[in-house]
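Student: turn this into a model:
(chains A and B)
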Amino acid sequence: MTLAADIAVADPVPPAIGPWRETWLSFSENKGAVAALAVIVVVALVAVFADWVAPYSPIAQDRDAFLAPPFWAEGGSAKFLLGTDDVGRDMLSRLIHGARYSLLIGCIVITISLSVGVLLGLVAGYVRGMVEELIMRLMDIMLAIPALLLAIVIVAILGPSLTNAIIAVAITYLPHFTRMVRATVIAEMTKDYVTAARVSGARALRLMFVTVLPNCAAPLIVLATLNFSSAILDAAALGFLGLGAQPPTPEWGTMLAKAREFVQSAWWVVTFPGLAVLVTVLAFNLAGDGLRDALDPKLKR
Amino acid sequence: MKRQFLGAAVLATAVLGFAFAADAKTLVFCSEGSPEGFNPQFFQAGTTFDASSRAIFNRLVEFERGGTSIQPGLAESWEVADDGLSYTFHLRKGVKFHGNATFTPTRDFNADDVVFSFERQWKTDHPYHAVTATTYQYFGDMGMPDLLKAVEKVDDMTVRFVLNAPEAPFLSNMGMDFASIMSAEQADALMKAGTPEQIDQTPVGTGPFMLVDYQKDAVIRYKANADYWEGKPAIDDLVFAITTDASVRYAKLKAGECHIMPYPNPADIKAMKADPTLTVMEQEGLNVGYLAFNTEKKPFDNKLVRQALNYAINKDAILKGVFQGAGQAAKNPIPPTIWSYNDDVKDYGYDPVKALQLLKEAGLQGGFETDIWAMPVQRPYNPNAQRMAELIQADWAAIGVKAKIVSFEWGEYLDRSKKGEHQTMLLGWTGDNGDPDNFLHVLLGCDAAKSGGNRARWCDKAFDDLVVAAKRTADVAARTDLYKKAQVVFKDEAPWVTVAHSVVFMPMRKEVTGYKMDPFGIHQFYGVDIQ
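Tutor: Numbering: from 1, shown residues only, chains lettered A, B, ... in the order given. Below you'll find the predicted structure:
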């Protein structure tokens, strides 16, 4: 005990900071990323409390107010703050409920592709040999087809609906996660701590999940955040093509598609869903960039 | 110096241009697409008819310009046998066929041309039957192969059609595009030269305009037929500038690059009407947009359910939201511009309470789940089916009927619905010979229920007996009576929700005179002049 105390006194180190706090400190240096995070938090809160925040039901049609302009434009009223769409539904309410769908899509897509991708990547990186060849070549095939095209093919087979769009997008994101985990696992497997664990008798499952996987976490978090935004974008694209959410679901991409013909006559029907997608995706991208800077040891000053 | 020279050149061009304009009048029509071909026997699209049958060809009888009544065409007069089984046409003398680079007609139009035009489509062993293609779609759809018994040349200027059964709309059918008369002399010449397929690429007709040049997706050029039997057209050249995008057509019209355009964006109409250089003609279309219940499937086999869903729909909202006011609510399956329209029929008003009550009577007070098929394309009878479906979806949700909106690619949509895979679906129809039979029998008869053209798959004995009897009767007053009764049966049985008859718009420049809108949605330019 005294020895330890002596050493502590003799060799004063700065107070140890936890990994979370360290990440936050370096993340918060990036002002853009912090602002983006704030936007994400707001969007998430709005999505969670959509039923209380939105002034109307997103599918209620006001038959006396088709294409009412937003309140500041000529002919607009405070009744519909952002105007109404082509069948008299309140734009603001639809956007708010749309946030719920977009975030949900992002979360589910990432959960599916992350968990399946990690599993496949771990197995490929750990077992090597034929299994690895099989998994990785399959992933190569999937990567060879453009993501959106692959998603369209999958939706065409399963039939257009929000659930199927989510499945389709999740499948197209699998290769990214699998490849990344496999590469990291192969690199980690040669390190001393893994050898040490193996020498002390750790079995395969323990080696894979307890020893190696936590060390792949940093790049995975970054990839997940960045893919989150792409997932929202891809689901919106599928919705735009009529293959995603079906009416009257207030999904942003679907709303955008329905509004195309009003580009010249009723700008608000087109502009707001587009802006919503833009802001949300931008926020996730910026936050993802900040997170990467904060988590990547190579970029640390 | 250079600038002066340029100025002089511009001036010279302008003067030349004026001189040219004074000499030859050119009418430019910004058409909406390329024709499928120049032989109307093979196709069904209005775009093709505009470019082929209406410009280049004539028929034995013609529809009055801008109307639906029958007038003499290549036949000066005709007689119908008392039993309705034979039609004798006396042909017009001195009608000249067009000539072109490879063919110069040596004789006038005669009975051989008529026999050739029909036998080519009808007889599978005709030497020209399999040239180009073997499906003569309209001819087949109209049931002509079974209906015709003989097409006889009585003498050079007389042709007799013998039928297997009386067919009241037969004369109207002879005015339809598939019945266009082609040159038998050209066919013989081409056959001798060993190039029969040229007949469909270098069309020779008797019509007001002769084909000069065609570049796919770009332009079709015609010149006036100076020997046209009704008199030379007022314009000298006719140009179809093919422009697929409605807003581009509008821009070209504004810039004076074309004189007339079809199918404007509904949203642009207001600005067009306000433009002093343009005239916007409008006409109630000879069409109906409807929602058909698949009466073979539960619960739509129950009349009460169909009536309830009729009561639940707010048509005013649909007219405002989908047609932007350019249409009127439909109560009959035929538009009011067609004879025998029964104005005494009372429409199902918007009455959700009544709807709920009827559902309760049908034992479905809790509502049920179904689907609404909405077509993916804009049609004259329904400018936006998706939006219409969303409005109907909300209306039905109010009485507890949860509907899912389904859509497919257009060809797939027609094909699957023909097989009856839908529960309820949106569709419509534009008439093409002005006869009520063209709506009531073709869309709602028992034959059509079997072949799939009747999307409600509704075969009602009382209704079918009435429309078939009307088909077999020649007397118009008796037919009117039968059709009026059929409409009453239809309304009570409610296999459709009759949604709307739309208004068709035709914007053109102020200098265009004499244009008449065609109720069949066809565009023709004989009689049009530029000031």
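
Student: CA only for contacts and neighbour counts going forward, please
Tutor: Fine.

Student: and the gap between the residue of the stretch 51-200 of chain B found nearest chain A and residue B:70?
Tutor: Going by CA to the nearest CA, chain A is nearest to residue B:51 of the stretch 51-200 of chain B, at 28.5 Å. For residue B:51, the distance to residue B:70 equals 22 Å [CA to CA, to the nearest Å].

Student: for the closest residue to the residue of the stretch 51-200 of chain B closest to chain A other than its chain neighbours, give its distance to chain A.
Tutor: Counting by CA to CA, 6 or more residues apart in numbering or on different chains, residue B:51 lies nearest to residue B:35, which is 6.4 Å off, once chain neighbours are set aside. Residue B:35 sits 26 Å away from chain A, taking CA to the nearest CA, to the nearest Å as the criterion.

Student: quick one, what contacts residue B:35?
Tutor: By CA atoms under 8 Å, 6 or more residues apart in numbering or on different chains, residue B:35 lies in contact with B:47-49, B:51-52.

Student: again with residue B:157
Tutor: B:90-93, B:110-111.

Student: which one's more surrounded, residue B:51 and residue B:70?
Tutor: residue B:51 (29 against 17; other CA atoms under 10 Å in any protein chain shown).

Student: thinking residue B:470 is in contact with residue B:486, fair?
Tutor: No. Contact between residue B:470 and residue B:486 fails when scored by CA atoms under 8 Å: they sit 9.8 Å apart.

Student: quick one, which of those two is more surrounded?
Tutor: residue B:470 (25 against 20).

Student: so what's the more buried one closest to, chain neighbours aside?
Tutor: residue B:479 (4.9 Å).

Student: so which bits of the helix or strand hosting that neighbour are buried?
Tutor: Taking DSSP states H and E as the criterion, residue B:479 maps to helix B:476-493. For helix B:476-493, burial by neighbour count (16 or more other CA atoms under 10 Å in any protein chain shown) applies to B:479-480, B:482-493.

Student: what's the distance between residue A:206 and residue A:277?
Tutor: Taken as CA to CA, the span from residue A:206 to residue A:277 is 41 Å.

Student: between those two, point out the one with more neighbours.
Tutor: More neighbours surround residue A:277 than the other of residue A:206 and residue A:277, with 22 against 14 (other CA under 10 Å).

Student: now for the residue nearest the centre of chain A: which residues touch it?
Tutor: Centrality entry for chain A: nearest residue to the mean C-alpha point is residue A:228, 1.4 Å, by CA atoms, centre = their mean. With contacts taken as CA under 8 Å, 6+ apart, residue A:228 has the following neighbours: A:106-107, A:109-110, A:284.

Student: so which of those sit within helices?
Tutor: A:106-107, A:109-110, A:284 (DSSP state H).

Student: how about the closest residue in space to residue B:206 that isn't next to it in sequence, what does it touch?
Tutor: Nearest non-adjacent residue to residue B:206, counting by CA to CA, 6+ apart: residue B:97, 4.6 Å away. By CA under 8 Å, 6+ apart, the residues touching residue B:97 are B:105, B:108-109, B:183, B:204-206.

Student: could you export those as a markdown table, including secondary structure?
Tutor: Output for the contacts of residue B:97, formatted as a markdown table (DSSP: H, G, I helix; E, B strand; the rest coil):
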| residue | secondary structure |
| --- | --- |
| B:105 | coil |
| B:108 | coil |
| B:109 | coil |
| B:183 | coil |
| B:204 | coil |
| B:205 | coil |
| B:206 | coil |
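
Student: output these in TSV; the columns should cover neighbour count and distance to residue A:137.
Tutor: Listed next are these as TSV, based on neighbours: other CA atoms under 10 Å in any protein chain shown; distance: CA to CA, whole Å:
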residue	neighbour count	distance to residue A:137
B:105	16	69
B:108	15	73
B:109	26	71
B:183	24	64
B:204	28	61
B:205	26	63
B:206	27	66
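
Student: now, the most widely separated pair of the residues you listed?
Tutor: Spatial extent of the contacts of residue B:97 (CA to CA) is set by the pair B:108 and B:204 at 12.6 Å.

Student: distance check, the residue nearest to residue B:51 against residue A:290.
Tutor: When residue B:35 is compared with residue A:290 (using CA to CA), they lie 57 Å apart.

Student: was I right about residue B:443 contacting residue B:455?
Tutor: Yes. Using CA under 8 Å, residue B:443 is in contact with residue B:455, at 7.5 Å.

Student: how about the residues of chain B by chain A?
Tutor: Within reach of chain A by CA under 8 Å from any CA of the partner chain, chain B has these residues: B:267, B:317, B:321, B:387, B:390-391, B:394, B:405.

Student: so which of those is the closest to residue B:301?
Tutor: residue B:405 (20.6 Å).

Student: check contacts around the closest one.
Tutor: A:246-247, B:371-374, B:389-390, B:393.

Student: which ones are touching residue B:385?
Tutor: B:374-378, B:426 are the contacts of residue B:385 under CA under 8 Å, 6+ apart.

Student: and whatever helix or strand residue A:98 lives in, what does it pack onto?
Tutor: Per DSSP H and E, residue A:98 falls inside helix A:91-127. Applying 3 or more CA pairs under 8 Å, 6 or more residues apart in numbering or on different chains; DSSP states H and E, one finds that helix A:91-127 makes contact with helix A:31-48, helix A:50-53, helix A:129-144, helix A:162-189, helix A:217-240, helix A:252-259, helix A:267-295.

Student: on that earlier part again, what packs against the helix holding residue B:479?
Tutor: Against helix B:476-493 (3+ CA pairs under 8 Å, 6+ apart) you get helix B:303-312, helix B:461-471.

Student: about what we covered before: got the ones in helices among the contacts of residue A:228 as JSON lines, with neighbour count and pLDDT columns?
Tutor: Formatted as JSON lines, the ones in helices among the contacts of residue A:228 follow (neighbours: other CA atoms under 10 Å in any protein chain shown; pLDDT from 0 to 100):
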{"residue": "A:106", "neighbour count": "24", "pLDDT": "90"}
{"residue": "A:107", "neighbour count": "17", "pLDDT": "92"}
{"residue": "A:109", "neighbour count": "27", "pLDDT": "93"}
{"residue": "A:110", "neighbour count": "26", "pLDDT": "94"}
{"residue": "A:284", "neighbour count": "23", "pLDDT": "92"}
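
Student: closest one of these to residue A:268?
Tutor: Among the ones in helices among the contacts of residue A:228, and counting by CA to CA, the member closest to residue A:268 is residue A:284, at 24.2 Å.

Student: residue 100: how many residues sit nearby?
Tutor: If you meant another chain, say so; for now it's chain A. Count around residue A:100 with other CA under 10 Å applied: 21.

Student: um, chain B though
Tutor: 14.

Student: got it, and residue B:137?
Tutor: 15.

Student: excluding chain neighbours, give the residue nearest to it in space.
Tutor: In space, residue B:137 is closest to residue B:42, 5.9 Å off (CA to CA, 6+ apart).
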